[in-house]
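1. got a structure for you, letters missing:
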């Protein structure tokens, strides 16, 4: 099997797109070369804990989603489960 050829420019074109991941709305905010991976930022914010475990401020949660499978021969299952949010109907 051969590796999937997907360019960073194609992935960077996804920055700003709104998606649904784990039934939560989010947005692509960055592309990481290593992997490659998409960095998603959830629209809801969580309380960020300091080094002592005390919550002081609300920040949006982020998560990295691998684009390719570990052997780089197909798209990752997590990437394929992302749903595009249709902003025209919201």
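-> Cool, the structure landed. Nothing here was measured: the structure is a model prediction, and the numbers come from that model.

2. hey, let's count contacts and neighbours off CA atoms from now on
-> OK.

3. below-threshold pLDDT in the protein: ranges please.
-> 1, 46, 87-90 (pLDDT under 70).

4. now the spatially most central residue of it: closest residue in space, sequence neighbours ignored.
-> Centroid-nearest residue in the chain, with C-alpha atoms, centre = their mean: residue 40, separated by 3.0 Å. Computed as C-alpha to C-alpha, 6 or more residues apart in numbering, the closest residue to residue 40 that is not its neighbour in sequence is residue 28, at 4.6 Å.

5. show me what the helix or strand hosting that neighbour pairs with in its sheet, parallel or antiparallel.
-> For residue 28, the element it lies in under DSSP states H and E is strand 24-32. Neighbouring strands of strand 24-32 in its sheet, by DSSP bridges, are strand 18-21 (antiparallel), strand 37-49 (antiparallel).

6. roughly how far is the longest one from the heart of the chain?
-> Meaning strand 37-49. Mean C-alpha position of strand 37-49 versus that of the full chain (C-alpha atoms, centre = their mean, to the nearest Å) differs by 9 Å.

7. now do the buried residues in that strand.
-> Residues of strand 37-49 classed as buried: 37-42 (neighbour count, 16 or more other C-alpha atoms under 10 Å).

8. on that earlier part again, what does the strand holding residue 28 contact?
-> In this structure, residues lying in contact with strand 24-32 by C-alpha atoms under 8 Å, 6 or more residues apart in numbering are 8, 11-12, 14-20, 37-44, 85.

9. ok, 10 Å please
-> Residues outside strand 24-32 that contact it (C-alpha atoms under 10 Å, 6 or more residues apart in numbering) are 8-9, 11-21, 37-44, 60-67, 82-85.

10. return the distance of residue 56 relative to residue 47.
-> 7 Å (C-alpha to C-alpha, to the nearest Å).
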